[in-house]
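In: what follows is a predicted protein model with its sequence.
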There are 2 protein chains.
Amino acid sequence: MASTQPCERLSPCNGTKMDYAEFIKYVDITKEDIYRGTLEENRERIRVKKEATVIKNLEKIFDATLRIANKKGFQAMTMRDLSLETGLSMGALYSYFTSKEDLLETLQSQHRAMTRQIFEKCVGEAQACSLKLRAALKAYLFMSEVMQPWFFFSFMEAKNLANPEREKTLAGDIYSDMAFAEILRQGQTEGVFVPHDHHLVAGAIKALLQDWFLKRKKYAKLNIAIDDYAKLVLDLVEGYLTPPRAPA
Amino acid sequence: MASTQPCERLSPCNGTKMDYAEFIKYVDITKEDIYRGTLEENRERIRVKKEATVIKNLEKIFDATLRIANKKGFQAMTMRDLSLETGLSMGALYSYFTSKEDLLETLQSQHRAMTRQIFEKCVGEAQACSLKLRAALKAYLFMSEVMQPWFFFSFMEAKNLANPEREKTLAGDIYSDMAFAEILRQGQTEGVFVPHDHHLVAGAIKALLQDWFLKRKKYAKLNIAIDDYAKLVLDLVEGYLTPPRAPA
DNA sequence: GTCTATATACGGATAGAC
DNA sequence: GTCTATCCGTATATAGAC
């Protein structure tokens, strides 16, 4: 709304030095945009009219669902659990979605929309391959931290989706794999990285990044900060991709 | 039974060159021992007497459970699904466990017993740290391949367990983390590896290894062989732990 | 040991009052 | 918009025949 110049907008992509603190601010802005956007799309299914009410309750419902489902699984969560946790009655819940499965799909699609949009914005602008790699890596990692419950949920419940939705989630996963692989390919072409299997290394990067949101508690217990973790992954990958200095 | 000398037994640990093919033979031997052992332990709960029948049906039940649950989740699997898939009636099923939850726990404990025993046997004998690291890494990876459904199941359903069992599974996970960390610590002490955070790097190794059983289909589609994957992980980790050669 | 038939309860979903 | 009360299918688990 405020007339800000483009350059005023935080731009985490242009920096190899971006850390998590900077990233948070950037994401909080865009997350609301996306959230509101998705609600518009799904407006048909929602019987409640007043927008403020919808936003408030949907957030309650999403939060509660993620909390319960990430503890004992979405299937094991009953609508009565959800009713208790949100403070909304069964009837009220069902005015925000048509079925339990519908709720699952909405959550997944919301997650896809958020991640894809943020990820693209973060990686898009970067220039040199090595910077691009760092930008993509941090974008994914930091995103998974801000939205940890979403990432965890999406990963764990992906296989339980029915087919049209299952494919979409899979596609989203492949998409980020491809994004990494493409950066690697480009880097190899330019001679910045040593020859390697792009898809294999891209997969390894993703595996390392996903571990952060899959085992968040473990890392908290070990007192490992996210910026340190980002550095480890970068060091591992760059050590592999960057040729050891030739003897003088 | 046959009087074989100890040295005749396959010993995958002594080799940096061990590959997957060798490993399979080794594991097939021990897996049956363990299997039979666990059955002895749980004998009380099982109402069926004839041992051959028990073994045959338990294997059917375990296989079917893993197949169904890994597709749509253990909670979503009904006992009728299981009855259909095994060819056993509901009544027959319940003579092998007391409840659905009991089945879940039996599976998890069976998995813990198998992995722990094999892992220890594989790592125990190795000597130098760098060899030990390779042995442990391959032991875990190859094990997860031979018993992929078990590993996948255990990972995905861990959070759905009730507390006494949940703790045990967590402990098993920490155990292998510690095993790696201990090797790393020793290696650093001996000056073989550069200084690093043992637990952090151990976690990274595990993350890479687990990706193999979590996304087996992806790797199959990419035509990546397990021995190649082992090499990638080793290269990544050794590149990080081993100092770049000093300029001549 | 395994089957069929069934008791019992629980979960998803809705109707209709407020 | 939200609640309470309730319907109905389905899931776990068992009883008892063979």
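Out: Right, received. Where do you want to start?
In: for A:V54, which residues are in contact?
Out: Residues near A:V54 by CB atoms under 8 Å, 6 or more residues apart in numbering or on different chains: A:39, A:46, A:48, A:96. (Each C-beta comes from the backbone N, C-alpha and C, glycine too.)
In: helix or strand next in line after the strand or helix carrying the first one, which one?
Out: Pointing back at A:L39 there. According to DSSP states H and E, A:L39 maps onto helix A:20-41. Using DSSP H and E, the helix or strand that follows helix A:20-41 in sequence is helix A:51-72.
In: can you mark which positions in that following helix are buried?
Out: Neighbour-count burial for helix A:51-72 flags A:54, A:57-58, A:60-62, A:64-66, A:68-70 (criterion: 16 or more other CB atoms under 10 Å in any protein chain shown).
In: just stretch A:210-226 next, same as before
Out: For stretch A:210-226, a neighbour-count test (16+ other CB under 10 Å) marks A:210-216, A:218-219, A:224, A:226 as buried.
In: ok, now stretch A:85-97?
Out: Applying a neighbour-count criterion of 16+ other CB under 10 Å, one finds A:85-86, A:88, A:93-94, A:96-97 buried in stretch A:85-97.
In: can you name the residue of chain A nearest DNA strand D?
Out: Distances between chain A and DNA strand D by CB to the nearest atom of the strand are smallest at A:G91, namely 2.3 Å.
In: coming back round to it: could you turn the buried ones of the contacts of A:V54 into a PyMOL selection?
Out: Only the buried entries of these go into this PyMOL selection, using 16+ other CB under 10 Å:
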select buried, chain A and resi 39+46+96
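In: so which of the buried residues of stretch A:85-97 reach chain B?
Out: Among the buried residues of stretch A:85-97, no residue lies close to chain B (CB under 8 Å from any CB of the partner chain).
In: low-confidence ranges, chain A, go.
Out: For chain A, the stretches flagged by pLDDT under 70 are A:1-16, A:126, A:243, A:245-248.
In: next, the angle from the helix holding A:L39 to helix A:51-72.
Out: Orientation check (axes from the mean of the first three to the mean of the last three CA atoms, to 10 degrees): helix A:20-41 against helix A:51-72 gives 120 degrees.
In: got the buried residues for helix A:20-41?
Out: Of the residues in helix A:20-41, A:20, A:22-23, A:26-27, A:30-31, A:34-35, A:38-39 count as buried by neighbour count, 16+ other CB under 10 Å.
In: and chain A, which residues reach chain B?
Out: Within chain A, the residues that sit near chain B (CB under 8 Å from any CB) are A:70-73, A:75-76, A:156, A:159-160, A:197, A:199-201, A:203-204, A:206-208, A:210-211, A:215, A:218-219, A:222, A:224, A:228-229, A:232-233, A:235-237, A:239-240, A:244-245, A:247-248.
In: among these, name the ones in strands.
Out: Using DSSP state E, no member of these sits in strands.
In: ranges for the helices of chain A?
Out: With DSSP state H as the criterion, chain A has helices at A:20-41, A:51-72, A:79-86, A:90-93, A:100-124, A:129-146, A:148-157, A:163-189, A:198-214, A:216-221, A:226-241.
In: can I get the fourth one in PDB? Just the C-alpha atoms.
Out: In other words, helix A:90-93. Extracted C-alpha coordinates of helix A:90-93, given in PDB (Å, rounded to 0.1, in the frame of the first residue of the first chain):
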ATOM      1  CA  MET A  90     -17.700 -29.400  15.600                       C
ATOM      2  CA  GLY A  91     -20.300 -27.500  13.800                       C
ATOM      3  CA  ALA A  92     -18.300 -24.300  13.600                       C
ATOM      4  CA  LEU A  93     -15.200 -26.200  12.300                       C
END
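In: on that earlier part again, which of the buried residues of stretch A:85-97 are close to DNA strand D?
Out: Applying CB under 7 Å from any atom of the strand to the buried residues of stretch A:85-97, one finds that A:L88 fall near DNA strand D.
In: as JSON lines, the buried residues of stretch A:85-97 with distance to DNA strand C would be great.
Out: What follows is the buried residues of stretch A:85-97, written out as JSON lines (distance: CB to the nearest atom of the strand, whole Å):
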{"residue": "A:E85", "distance to DNA strand C": "12"}
{"residue": "A:T86", "distance to DNA strand C": "13"}
{"residue": "A:L88", "distance to DNA strand C": "11"}
{"residue": "A:L93", "distance to DNA strand C": "7"}
{"residue": "A:Y94", "distance to DNA strand C": "4"}
{"residue": "A:Y96", "distance to DNA strand C": "11"}
{"residue": "A:F97", "distance to DNA strand C": "8"}
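In: which one of the buried residues of stretch A:85-97 is nearest chain B?
Out: Using CB to the nearest CB, A:E85 comes nearest to chain B of those, at 17.1 Å.
In: not counting sequence-adjacent ones, nearest residue to A:M143?
Out: Nearest residue to A:M143 in three dimensions, chain neighbours excluded: A:I118, at 5.6 Å (CB to CB, 6 or more residues apart in numbering or on different chains).
In: run a quick neighbour tally on the one you found.
Out: The local packing of A:I118 (other CB atoms under 10 Å in any protein chain shown) involves 23 other residues.
In: how about the one 3 residues further on?
Out: When neighbours are defined as other CB under 10 Å, A:K121 has 17 of them.
In: same check on A:E44?
Out: A:E44 is flanked by 6 other residues according to other CB under 10 Å.
In: please apply the same query to A:F74.
Out: Neighbours of A:F74 using other CB under 10 Å come to 23.
In: from B:M90, how far off is it?
Out: Distance, A:F74 to B:M90, by CB to CB, to the nearest Å: 26 Å.
In: cool, A:Y96 as well?
Out: On the measure of CB to CB, A:Y96 and B:M90 end up 37 Å apart.
In: how about A:K31, nearest residue that isn't a chain neighbour?
Out: Leaving aside its sequence neighbours, A:K31 sits nearest to A:M114 (CB to CB, 6+ apart; 6.4 Å).
In: contacting residues for the one you found?
Out: If you count contacts by CB under 8 Å, 6+ apart, A:M114 has them with A:31, A:34-35, A:147, A:150.
In: can you rerun that using 10 Å?
Out: Listed by CB atoms under 10 Å, 6 or more residues apart in numbering or on different chains, the contact partners of A:M114 are A:27, A:30-31, A:33-35, A:37-38, A:143, A:146-147, A:150.
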